[in-house]
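Asks: whatever this is, show me its structure:
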Amino acid sequence: MFYIVLFTPIVLSVLAFILSKKNSFNILKISTIIYWILALFVLYLFSIWYDYNYWIFFTKYLLDFNSYVNINTIFVLLIIVLAFLISWYAFYYFKKEVEHKTIGLNRLKEYNIFVNLFVFAMLLVASTNNILVMWIALEATTIFTTFLISFYWVKTSWEAAWKYVILCSVWLTIGLFGILMLIWSGLESLDFNNIVFSHINVLLAKLSFVFILVWFWTKVGLFPMNSWLPDAHGKASTPVSAFMSSILLPLALYIIFKLKLIVDTLLWNSGFTNNILLWFWIITLLYSWFILIHQRHFKRTLAYSSTENMWILALALWIGGPLALKLWLLHLIAHSFLKTSSFMSVWNALLEQKTGKFDKISNLLKNQKVTSIFIIISILMLVWVPISPLFISEIWLIYTLFEKNMWLSFVVIFAFILIFSWVIINFSKLFKEKDGTDTKFIAEKFSCNSIFMPILFTLVLWIASIVSVLFIF
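Replies: So this is what the prediction gives:
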């Protein structure tokens, strides 16, 4: 049954390859339906495995963070649900792109092929417990997303794709060298769930973690290896940007900690890895604040906000303990759905624009009320206003951090306030009323068969999942 889930995206990709380009929109419809059925199928499997008792599943098994399999389950669920939501949204998105003659049906056929391969690669990363299979699958995500980033076949998108593939491939090769060093240091099993080691070489174990960290640090998009991130998100299509930012980055971050646990086991101490991670995280957070000051483009701002959210997820895993790990789950789910809805909503505002810069668009609330409501909800929840679950997770993480390092807590609070301020200041420009503006707007009509329904459904699923997690607390 698991292989049905794993290889369904492969079947969809082959179907998109075999059928002519005239059937590209039909493939998007089929993908949407199948991913929805697949999500229900996975939930049904879980209900069988846990004797139809979801309460036992969520409280006893899913939140048992000592088991890799159960955390993998979270990612498999999120990937499938997001694949459904983004496929649904992509149908309306590419329909507009084809109408505006931005792309042709050939490009849409290529999208269907590579996005389903991308989903398969992410599912393989999330489900495997073998280190080398994980490395191969993560490298596959790089290859498939390179074609998706260069989707529009213009000079800037090709440049972004080349920067992405070169940086990630080079550091992935170095990461493979780090894995081999980890094996040479004394690791005798490639299975995360069966760590066997002997004759430990401490120096090799430490060096292996440095190489592995640089590898995944690049894939997660954290400073200083994040130069590919804003360009890739800025030039890729909105569905691809939403996919990469919402789930691919957290998935790569989680794998860092799977490998970190192995190194800590080899060294019999987590002090070495924690010290390295801590300094990288502090620099990343301060960099996020500094770079957001200078951002004037929608999608680049959302890309850099992903860097900041990855830092928070990393902080929760670094702190450790049952409460911090539950907060990690809360933040992961909230970030995945909210970042998806943010990219979707923002694109609606850009639909008739020649630019994506904040200063070039105004009067949005007056002319596009539905889009404005979705943007306001998504952005406010994403930047941790007090009613946001992200605010809850961050307050508790800061409180926990106080017990470890009070001065570090003050640095984190200061950076949070500045990041919040700059994101709000930038996005508030969209709603300012200006006379004589040449901004163009689309006619909006909210209906069950419109581009707004995937966004609304994303927010509904976000609320439902967050209520479930908070109820578990």
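Asks: pLDDT score assigned to Leu56?
Replies: Not quite, residue 56 is Ile, not Leu. We have a pLDDT of 48 for Ile56.
Asks: now do the helices in the stretch 51-200 of the chain.
Replies: 54-56, 68-99, 105-127, 131-149, 155-184 (DSSP state H, counting those that start in this stretch).
Asks: now the longest one, how far from the centre of its chain.
Replies: Spelled out, it's helix 68-99. Between the centre of helix 68-99 and the centre of its chain there are 11 Å (C-alpha atoms, centre = their mean, to the nearest Å).
Asks: so which bits of it are buried?
Replies: 68, 71-94, 97-98 (16 or more other C-beta atoms under 10 Å). To be clear about C-beta, it is placed using only N, CA and C from the backbone, and glycine gets the same treatment.
Asks: out of the helices of the stretch 51-200 of the chain, which comes closest to His331?
Replies: helix 68-99 (12.1 Å; C-beta to C-beta).
Asks: average pLDDT across that closest one?
Replies: The model assigns helix 68-99 a mean pLDDT of 84.
Asks: and stretch 379-392, average pLDDT?
Replies: Here the average pLDDT along stretch 379-392 is 75.
Asks: ends of it, how far apart?
Replies: Counting by C-alpha to C-alpha, to the nearest Å, the length from the leading to the trailing residue of stretch 379-392 is 16 Å.
Asks: okay, now the unreliable bits of the stretch 301-450 of the chain?
Replies: Of all residues in the stretch 301-450 of the chain, those with pLDDT under 70 make up the ranges 320-321, 351-360, 362, 384-385, 434-449.
Asks: could you pull out the helices for it?
Replies: Using DSSP H, counting those that start in this stretch, the helices assigned to the stretch 301-450 of the chain run over residues 322-350, 364-367, 369-382, 389-404, 406-428.
Asks: any stretches of the stretch 1-150 of the chain with poor pLDDT?
Replies: Across the stretch 1-150 of the chain, the ranges flagged by pLDDT under 70 are 46-70.
Asks: just name the most buried of the helices of the stretch 301-450 of the chain.
Replies: Ranked by mean neighbour count, the helices of the stretch 301-450 of the chain are led by helix 322-350 with a mean of 24 (mean count of other C-beta atoms under 10 Å).
Asks: now that one against helix 369-382, angle please.
Replies: 150 degrees (axes from the mean of the first three to the mean of the last three C-alpha atoms, to 10 degrees).
Asks: packing partners of helix 322-350?
Replies: Counting contacts by 3 or more C-beta pairs under 8 Å, 6 or more residues apart in numbering; DSSP states H and E, helix 322-350 packs against helix 68-99, helix 238-243, helix 249-267, helix 298-319, helix 369-382, helix 389-404, helix 452-472.
Asks: what sits up against the second one?
Replies: Helix 238-243 is touched from outside by 82-83, 86-87, 89-90, 93, 111, 115, 118, 145, 148-149, 151, 232-233, 299, 302-303, 339-340, 343-344, 346-347, with contacts defined as C-beta atoms under 8 Å, 6 or more residues apart in numbering.
Asks: residues of stretch 216-227 that come out buried?
Replies: Those would be 216-223, 225-226, for stretch 216-227 by 16+ other C-beta under 10 Å.
Asks: avg pLDDT for it?
Replies: pLDDT averaged over stretch 216-227 gives 72.
Asks: what about that stretch, how long is it end to end?
Replies: End-to-end for stretch 216-227, by C-alpha to C-alpha: 14 Å.
Asks: ok, and what's touching it?
Replies: Contacts for stretch 216-227 (C-beta under 8 Å, 6+ apart): 138, 142, 163, 167-168, 171-172, 175, 214, 228-229, 248-249, 252-253, 255-256, 259, 280-281, 283-284, 287-288, 303, 306-307, 310-311, 314.
Asks: what do you get if the cut-off is 6 Å, keeping everything else the same?
Replies: With contacts defined as C-beta atoms under 6 Å, 6 or more residues apart in numbering, stretch 216-227 is touched by 167-168, 171, 229, 249, 252-253, 256, 283-284, 287, 307, 310.
Asks: how far is that stretch from where the chain is centred?
Replies: 13 Å.
Asks: kindly report the same for stretch 122-142.
Replies: 16 Å.
Asks: in it, what's buried?
Replies: For stretch 122-142, by 16+ other C-beta under 10 Å, it's 122-128, 131, 134-135, 137-142.
Asks: residue contacts, Ser246?
Replies: 82, 336, 339-340.
Asks: how about a markdown table for those residues, with distance to Asn194 added?
Replies: As requested, the contacts of Ser246 are arranged in a markdown table below (distance: C-beta to C-beta, whole Å):
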| residue | distance to Asn194 |
| --- | --- |
| Leu82 | 30 |
| Ser336 | 30 |
| Lys339 | 34 |
| Thr340 | 35 |
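Asks: report the two of those residues separated the most.
Replies: Leu82 and Lys339 (9.8 Å).
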